[in-house]
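Q: test case, fold it:
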Amino acid sequence: MRIRTTAPMRACLFVLVAVVLTLGGCGGGGDEQEAEERIHPVSVATVEISRVTPTLEFSGSIAPSREASVGAMMSAKVSRMRVEPGDRVNEGDLMVEMAGEQLTQAEAQFVSAQKDWERMKRLLEAGAVTQQAFDRIDAGYQAAKASYDLVHESTMIRAPFSGVVAATYLEEGEVFVLMPGGGASTPAIVEVIQMDEVKVEISVSERDLPEIRKGLKAELTVAAYPDRVFEGTVRLVEPVISSRTRTAKAEIAIPNPGELLRPGMFAHLALELAPREVLLVTHDGVLQQEGTGRYFSMLFENGHSRRTDVVLGSTIGAHHEVLSGLEAGQTVITTGRYRLPDGARVAVWEGEGDR
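A: Below is the predicted model:
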């Protein structure tokens with residue numbers, strides 16, 4: 001059905017719509033004011049000074065405490081390989097015998113000089129030659145003997161320390177070639193490692209470096225033995241910080257009875273620092289400013305929130321060390337802090353809050 005309106009009726013409808021809109025606008029303003037004045041429920045925690053034994057955590061790969069890649073002092077052929085990977089050796093044990101042209105020549109010269117010396121000695125005893133003539137032969141013999149002994153010893157590859165053969169790089173009959181300048185065509189003939197003690201190298205940041213010192217205790221865990229903790233100590237702290245990484249190297253030595261720890265294992269390390277009194281704030285009392293490395297807390301003061309920037313130190317359990325920005329006894333908001341305006345009205349509530 002179509003309704004026709006007269007001019008007076010249209011005027012009345014216009015006034016009615018205006019009144020409704022005006023009343024609606026007044027109601028909206030009341031809602032905004034109520035939103036501004038609403039009380040936000042929050043939970044809080046107190047910033048406290050506590051005596052703690054902080055730890056610094058690192059990760060790294062286990063390496064043998066000593067390792068040596070052993071080669072020959074000259075180019076020569078491997079005539080006999082006396083060891084294989086996994087064999088245990090004592091310091092000085094013969095591992096590889098070499099043979100080469102230099103050794104052959106030195107041996108021939110020594111044998112020839114030895115025969116001349118023996119003949120000249122018999123003549124001297126018979127009074128057929130002078131002592132001066134014998135001394136010349138004796139000098140040549142001693143030089144040939146020293147040369148042979150040096151070359152012979154150079155072709156006898158011995159263990160530099162007690163340990164385990166980790167690898168061999170040549171087979172019997174292959175030639176070890178010593179290149180000009182001291183290099184070699186292969187890295188070595190035999191690699192020996194020491195396993196009764198292992199080490200882990202870590203990179204320490206510039207900020208943490210003052211905390212690390214020789215003798216500091218360390219605890220190490222590996223995936224292979226998840227329920228076991230291995231103890232070690234800091235053995236070396238390099239005095240120089242890398243200009244590229246802004247870190248310094250430190251080395252942790254770990255006794256390895258039974259050789260359970262193997263080179264190449266990934267290890268987690270915790271270094272126990274000296275006990276000290278620190279200002280602590282719970283993790284939930286700190287927020288990170290989005291897109292930055294800066295942190296802040298929301299304080300609870302006289303029923304209102306107040307934002308304050310904080311500088312954090314080490315992480316200690318469920319707390320952060322506070323270097324600046326907070327004081328002991330202050331109250332930080334731990335729940336309901338997200339999207340909480342600075343200066344908002346707040347009240348402590350024991351519920352979950354608005355995380």
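Q: quick one: the helices in the protein?
A: Along the chain, counting by DSSP state H, helices occupy 7-37, 101-126, 131-154.
Q: in contact with the spatially most central residue of the chain, which residues?
A: With distances taken as CA atoms, centre = their mean, Ile202 lies nearest the centre of the chain, 2.8 Å away. Neighbour list for Ile202: 58-60, 249-252, 269 [criterion: CB atoms under 8 Å, 6 or more residues apart in numbering]. C-beta here means a position set from N, CA and C on the backbone, and glycine is covered the same way.
Q: okay if I get those residues as JSON lines plus distance to Phe110 and neighbour count?
A: Compiled in JSON lines, the contacts of Ile202 are given as follows (distance: CB to CB, whole Å; neighbours: other CB atoms under 10 Å):
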{"residue": "Phe58", "distance to Phe110": "57", "neighbour count": "20"}
{"residue": "Ser59", "distance to Phe110": "57", "neighbour count": "10"}
{"residue": "Gly60", "distance to Phe110": "51", "neighbour count": "19"}
{"residue": "Lys249", "distance to Phe110": "49", "neighbour count": "15"}
{"residue": "Ala250", "distance to Phe110": "52", "neighbour count": "26"}
{"residue": "Glu251", "distance to Phe110": "46", "neighbour count": "18"}
{"residue": "Ile252", "distance to Phe110": "50", "neighbour count": "26"}
{"residue": "Leu269", "distance to Phe110": "55", "neighbour count": "21"}
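Q: roughly how far does the residue nearest to Arg51 when sequence neighbours are not counted sit from Val52?
A: Spatial nearest neighbour of Arg51, excluding adjacent residues (CB to CB, 6 or more residues apart in numbering): Glu277 at 5.1 Å. Distance of Glu277 to Val52, computed by CB to CB, to the nearest Å: 8 Å.
Q: in stretch 144-164, what counts as buried?
A: Neighbour counts over stretch 144-164 (16 or more other CB atoms under 10 Å) mark 144-145, 147-148, 151, 154-155, 157, 159-160, 162-164 as buried.
Q: typo on my end, stretch 295-302
A: Buried positions in stretch 295-302, judged by neighbour count with 16+ other CB under 10 Å: 295-300.
Q: again, but for stretch 229-244
A: Buried positions in stretch 229-244, judged by neighbour count with 16+ other CB under 10 Å: 230, 232, 234-235.
Q: what about it, how long is it end to end?
A: 33 Å (CA to CA, to the nearest Å).
Q: low-confidence bits of the stretch 151-300 of the chain, can you list those?
A: By pLDDT under 70, the low-scoring segments of the stretch 151-300 of the chain are 180-186.
Q: can you pull out the strands in it?
A: 156-158, 163-168, 175-176, 190-205, 217-222, 230-237, 247-255, 266-272, 276-282, 287-288, 295-301 (DSSP state E, counting those that start in this stretch).
Q: now the angle from the longest one to strand 163-168?
A: Right, strand 190-205. On the basis of axes from the mean of the first three to the mean of the last three CA atoms, to 10 degrees, strand 190-205 is oriented at 100 degrees to strand 163-168.
Q: in strand 190-205, which residues are buried?
A: For strand 190-205, burial by neighbour count (16+ other CB under 10 Å) applies to 190-195, 197-200, 202, 204.
Q: and if you look at stretch 311-324?
A: 312-314, 316, 319-322.
Q: could you pull up the mean pLDDT of that stretch?
A: The average pLDDT within stretch 311-324 is 90.
Q: give me the distance from it to the chain's centre.
A: Distance of stretch 311-324 from its chain centroid, counting by CA atoms, centre = their mean, to the nearest Å, is 22 Å.
Q: how about stretch 188-205?
A: Taking CA atoms, centre = their mean, the mean C-alpha location of stretch 188-205 is offset from the chain mean by 13 Å.
Q: isn't Arg276 up against Ser50?
A: No. Using CB atoms under 8 Å, Arg276 is not in contact with Ser50; the gap is 9.9 Å.
Q: going by distance to Leu124, which of the contacts of Ile202 wins?
A: Nearest to Leu124 out of the contacts of Ile202 is Glu251 (CB to CB; 61.5 Å).
Q: quick check: chain neighbours aside, which residue is closest to the closest one?
A: Computed as CB to CB, 6+ apart, the closest residue to Glu251 that is not its neighbour in sequence is Leu236, at 4.1 Å.
Q: thinking again about what came up before, which stretch in the helices of the chain is the model least sure about?
A: With a mean of 43, helix 7-37 has the lowest mean pLDDT of the helices of the chain.
Q: domains for this protein, by residue range?
A: For the chain, the structural domains run 40-54+276-348, 56-63+195-272, 101-154, going by automatic domain parsing.
Q: quick one: closest of these to Val175.
A: Nearest to Val175 among the domains of the chain is domain 101-154; the distance by CB to CB comes to 10.9 Å.
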